[in-house]
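> here is my input, please return the structure:
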Amino acid sequence: MFRGIDPGLQWSDGTLVMDAWPGEHHDIDVDGRGVTFTPSLFCDHAVTLVDPALQPRIWYPARGRGTVWHTSDTTPPSSLADLLGRTRARVLLHLDEPRSTTDLARRLALSPGTVSQHLGVLNRAGLVSRARYGHTVLYLRSRLGDQLVA
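As a prediction, the model looks like this:
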């Protein structure tokens, strides 16, 4: 789990080890307070603040941070737009990697409700799959959706 967050994090013999700076070593006793993990747009590796008075917290690079401020006006091929409709085709094109309804709405400058309706149709048609990741539902093109886009 920790390597998936950042390659510099590892669990070893009941201890969370964070490889931050060579030669620097700090032991922080969590003392039953737990450790809070916070995704951040402003770091490129896991970081922490060593202050025994504060609850332990590790900030790590948020997934997809490189595209946060990027919106795309992908124009679908006319044959795909003719078949599915322009908006539904645009939604399908953006599902080359897992995305939430909110992310798609922002990228496509549509309301989340509109995107949700299109995702429902695409899901029922077998063109996308969905999976829960924590509190978020992520959508991804299915194999059939990939074939249709190609």
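> which non-adjacent residue is nearest residue 129?
For residue 129, ignoring the flanking residues on the chain, the nearest one in space by Cβ to Cβ, 6 or more residues apart in numbering is residue 142 at 5.0 Å. C-betas here are computed from N, CA, C, even on glycine.
> for this structure, what spans make up the helices?
Using DSSP state H, the helices of the chain run over 2-5, 78-84, 86-93, 101-108, 112-124, 143-149.
> quick one on the thing from earlier: phi, psi for the residue nearest to residue 129 please.
Main-chain dihedrals, residue 142, degrees, to the nearest 10: phi -80, psi 180.
> cool, residue 7 as well?
According to degrees, to the nearest 10, residue 7 has phi -60, psi -20.
> and the gap between it and residue 61?
Relative to residue 61, residue 7 is positioned 11 Å away (Cβ to Cβ, to the nearest Å).
> neighbour count winner among the two?
residue 61 (18 against 11; other Cβ atoms under 10 Å).
> on that earlier part again, I figured the residue nearest to residue 129 hits residue 125, correct?
No. In this structure residue 142 lies outside contact range of residue 125 using Cβ atoms under 8 Å: 9.4 Å.
> quick one, which of the helices of the chain is nearest to residue 52?
For residue 52, the closest of those is helix 2-5, at 21.8 Å, according to Cβ to Cβ.
> tell me who's in contact with the residue minimising distance to the centre of the chain.
Residue closest to the mean C-alpha point of the chain, counted by Cα atoms, centre = their mean, is residue 63 at 4.5 Å. Taking Cβ atoms under 8 Å, 6 or more residues apart in numbering as the criterion, residue 63 is in contact with residue 39.
> got any ranges where this structure has weak pLDDT?
20-27, 29, 64-74 (pLDDT under 70).
> please parse it into its domains.
Segmentation of the chain into domains, based on automatic domain parsing, reads 2-65, 71-149.
> just say which of the ones you listed is most tucked in.
domain 71-149 (a mean of 16; mean count of other Cβ atoms under 10 Å).
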